[in-house]
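>>> Sequence first, predicted model second:
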Amino acid sequence: MLSKEQNEVLTRVGKGTPMGTTMRRYWHPIAVSTELPEPDCDPIRTTLLGETFVVFRDTAGRVGVMDELCLHRGASMAIGRVEDGGIRCLYHGWKFDVTGQLLDTPNHADPRVKERLRAKTYPVREQSGLIWTYIGPKEHEPPFREFAYD
């Protein structure tokens with residue numbers, strides 16, 4: 001039988017916990033492909049290992065996974081609008097692509113902002129009807145497992 005302390009170590013998967021650090025070294029399914037059936041559909045908000053993300057399919061059909069909160073003012077990107085190659089924050093209108101690149105800042109006159117800032121996004125693979133992501137350290141990203149069927 002596990003002690004309370006041992007159970008805590010094994011079951012807590014938040015950022016900075018021993019098991020959370022271990023689990024972040026693997027690819028995880030974050031959504032089912034049918035939740036994003038076509039380009040320009042609404043983004044979805046989802047939680048993985050205690051963190052909240054937004055998953056969206058852009059107008060070209062590429063899937064993006066990013067932190068839920070917009071880096072500008074912290075509004076939820078889950079209520080964002082997918083349009084013209086990216087997802088637009090409904091609070092201040094900033095638009096990001098699936099790599100986190102800032103595409104548009106309609107309320108900010110300095111064009112250097114788009115060059116300096118980038119939203120936190122994560123590697124994505126879509127296979128076997130699932131959308132997979134890796135949220136661990138970039139330098140420890142494992143190869144994606146290939147499945148026998150798609």
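Sure, I can see it.
>>> Do a quick rundown of the strands in this structure.
In the chain, the segments counted as strands under DSSP state E are 28-32, 44-48, 51-57, 63-67, 81-83, 86-88, 95-96, 102-104, 121-122, 124-127, 130-133.
>>> lowest-confidence helix or strand of this structure?
Using mean pLDDT, DSSP states H and E, the weakest-scoring helix or strand in the chain turns out to be helix 112-116, at a mean of 87.
>>> Can you name every helix or strand that that helix contacts?
When contacts are defined as 3 or more CB pairs under 8 Å, 6 or more residues apart in numbering; DSSP states H and E, helix 112-116 sits against strand 102-104. All C-beta spots, glycine's among them, are computed from the backbone N, C-alpha and C.
>>> So what's the model's average confidence on the strand it packs on?
Rounded to a whole number, the mean pLDDT of strand 102-104 is 93.
>>> Likewise for stretch 13-30?
94.
>>> residues in contact with it?
9-12, 46, 48-51, 53, 55, 65, 125, 130-137, 140, 142, 144-145 (CB atoms under 8 Å, 6 or more residues apart in numbering).
>>> Which among those residues count as buried?
Among the contacts of stretch 13-30, those buried by neighbour count (16 or more other CB atoms under 10 Å) are 46, 48, 53, 55, 65, 125, 131-136.
>>> Any chance of a markdown table for those residues, columns distance to residue 97 and pLDDT?
What follows is the buried ones among the contacts of stretch 13-30, written out as a markdown table (distance: CB to CB, whole Å; pLDDT from 0 to 100):
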| residue | distance to residue 97 | pLDDT |
| --- | --- | --- |
| 46 | 19 | 97 |
| 48 | 21 | 97 |
| 53 | 16 | 98 |
| 55 | 14 | 98 |
| 65 | 12 | 98 |
| 125 | 17 | 96 |
| 131 | 17 | 97 |
| 132 | 19 | 97 |
| 133 | 16 | 98 |
| 134 | 19 | 98 |
| 135 | 19 | 97 |
| 136 | 22 | 96 |
